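# A structural model of the following input is requested.
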Amino acid sequence: MKRTAVNPWDWSLKLGYNQAEVIEGASRQVICAGQTAVDGAGIPQHPGDMRAQIALALDNLEAVLTEAGMNLSNVTRLVVYATDVDEALKNFDLMGMRFGPHQVAPPMTLLGVTRLAIPSLLFEIEATANS
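Numbering: from 1, shown residues only. The predicted structure is shown next:
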């Protein structure tokens, strides 16, 4: 799979994502449901702690990708939902720490929402991955 970044401007690169990517030669695609800060039984964890919830949501995303035979380097699109965008952005270094080693900056949308499916959840991340 070949990825070519499309960035008519460079401001998003400072935030860790490309404006778009051209994906060529992909043979498999995985569309992940939104991953949140729940344990293996689906019980919400870390109430009120955005940083811990982001970390666990990323752990869960990696687990889903691993089960599908992929990893974060295969992610080609992200959609993030946060009940407090400012608080999420304060903790987005976690995104860089996870995606940076894979040297990918998938196109991303961050949306502020009034609540998620389970009221104690603060952060949810959807991903599309290709190989």
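# where does L61 land in three-state SS?
Look at L61: counting by DSSP: H, G, I helix; E, B strand; the rest coil, its state is helix.
# contact partners for it?
32, 35, 72, 125, 127 (Cβ atoms under 8 Å, 6 or more residues apart in numbering). In short, each C-beta sits where N, CA and C put it, glycine included.
# let's see that with 6 Å instead.
35, 125, 127 (Cβ atoms under 6 Å, 6 or more residues apart in numbering).
# partner strands of the host helix or strand of the second one, with direction?
What it means is I125. Assessed by DSSP states H and E, I125 sits inside strand 123-130. Partners of strand 123-130 in the sheet, by DSSP bridges, are strand 29-35 (antiparallel), strand 75-82 (antiparallel).
# any idea which of those is most buried?
strand 75-82 (a mean of 21; mean count of other Cβ atoms under 10 Å).
# residues in contact with the following helix or strand past that strand?
Downstream of strand 75-82, the next assigned helix or strand under DSSP H and E is helix 85-90. By Cβ under 6 Å, 6+ apart, the surrounding residues in contact with helix 85-90 are 50, 82, 112.
# if anything else comes up later, I'll come back, but that's it for now.
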